[in-house]
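>>> below is the sequence, then the predicted model.
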Amino acid sequence: MGATVSQDDNDSDCHTHQSPINIWTKMALYDPFLKPLKIQYDPTTSRKIVNLGHCFNVEFDDTSDMSVLSDGPLNSRYRLRQFHFHWGSSDKDGSEHVIDGNVYPAELHIVYWNSQKYESFEEAAKHPDGLAVIGVLKLTNRITLNLVSLLIQGKEHSFTKYNLARLLPNDLDYWTYHGSLTTEPYFECVTWIVLQRAIPISSAQLTRFRGLLCTSEYEKPVPIMENHRPVQLLHDRVVRSSRL
Ligand SMILES: NS(=O)(=O)c1ccc(NCc2ccco2)cc1
Ligand SMILES: [Zn+2]
């Protein structure tokens with residue numbers, strides 16, 4: 001009889017840095033050496049918005065260091081690749097990270113890769129310091145209005161001069177921990193930076209998310225009702241906070 005593989009192979013000892021997690025704010029360790037996030041953004045780098053079937057991405061030109069993230073918990077400069085959202089089948093759930101047991105209706109992920117050490121996003125994703133993802137809850141109408149034309153999987157169209165700053169709160173205090181991609185291939189390559197300021201998102205905007213279809217033109221329409229992963233075990237990790 002061969003060895004039995006645990007149902008969720010993330011329990012095996014080589015998958016102990018998975019994401020998302022429940023952040024118990026009272027257990028987070030204030031680290032005075034954490035710097036403020038430095039977010040440099042050039043609106044001319046936004047390229048297109050695309051329905052990937054399980055979510056939609058706003059994608060950027062990441063052929064040079066035009067829109068970059070540095071400082072914060074990071075030791076390198078990270079280049080902006082894309083941002084996307086996670087949501088639920090109702091306003092009661094949807095976020096991936098959970099704060100003191102509280103689930104939010106949706107979560108934005110702004111995905112950067114370490115262009116100082118690695119040649120490409122795909123290469124960076126194979127290393128523990130390869131990616132940095134900012135998690136935040138915020139939505140502006142321009143994105144949801146664009147979803148109307150992205151209804152079916154595979155659809156995309158140009159999305160230029162987008163001002164990313166509209167997605168971020170003024171207060172950039174954050175929790176940070178080492179974790180993974182929250183979808184396949186679940187690589188443990190992400191320095192997570194979860195903003196402490198959650199900005200409300202309207203129910204109408206969430207409804208438009210759920211209106212996105214994961215089917216193509218010729219199939220029976222199936223909406224992307226939810227695409228958030230359950231929280232994972234913290235194991236030996238400590239979450240640090242940029243604010244006392
Ligand atoms: N939800 S997320 O921010 O953790 C996230 C971000 C990016 C990918 N990309 C998937 C991928 C392909 C090759 C390497 O990586 C998957 C998940
Ligand atoms: Zn994500």
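In hand now; what should we look at? Numbers count the residues shown, from 1 in each chain. Ligands and ions are numbered 1, 2, ... in the order given.

>>> check contacts around the nearest residue to M225 once chain neighbours are set aside.
Setting aside the residues directly before and after it, M225 is nearest to S89 in space (Cβ to Cβ, 6 or more residues apart in numbering), at 4.1 Å. All C-beta spots, glycine's among them, are computed from the backbone N, C-alpha and C. With contacts taken as Cβ atoms under 8 Å, 6 or more residues apart in numbering, S89 has the following neighbours: R210, M225, E226.

>>> list, one by one, the residues from the chain near ligand 1.
Contact residues, the chain versus ligand 1 (Cβ under 6 Å from any ligand atom): H109, V111, E122, A125, V133, L181, T182, T183, P185.

>>> specify the beta-bridge partners of the fifth one.
Residues found in beta-bridge contact with V133 (criterion: DSSP bridges) are V111, W192.

>>> what is the burial count for it?
A count of neighbours around V133, defined by other Cβ atoms under 10 Å, yields 25.

>>> please apply the same query to the third one.
Under the neighbour criterion other Cβ under 10 Å, E122 is assigned a count of 10.

>>> please save the CA atoms from the host helix or strand of it in CSV.
Counting by DSSP states H and E, the element that carries E122 is helix 121-124. Below are the C-alpha coordinates for helix 121-124, written out as CSV (Å, rounded to 0.1, in the frame of the first residue of the first chain):
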residue,chain,number,x,y,z
PHE,A,121,7.4,37.6,-13.7
GLU,A,122,7.4,33.8,-14.5
GLU,A,123,11.0,33.5,-13.2
ALA,A,124,10.4,35.7,-10.2
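
>>> elements contacting it?
Here helix 121-124 touches strand 106-114, going by 3 or more Cβ pairs under 8 Å, 6 or more residues apart in numbering; DSSP states H and E.
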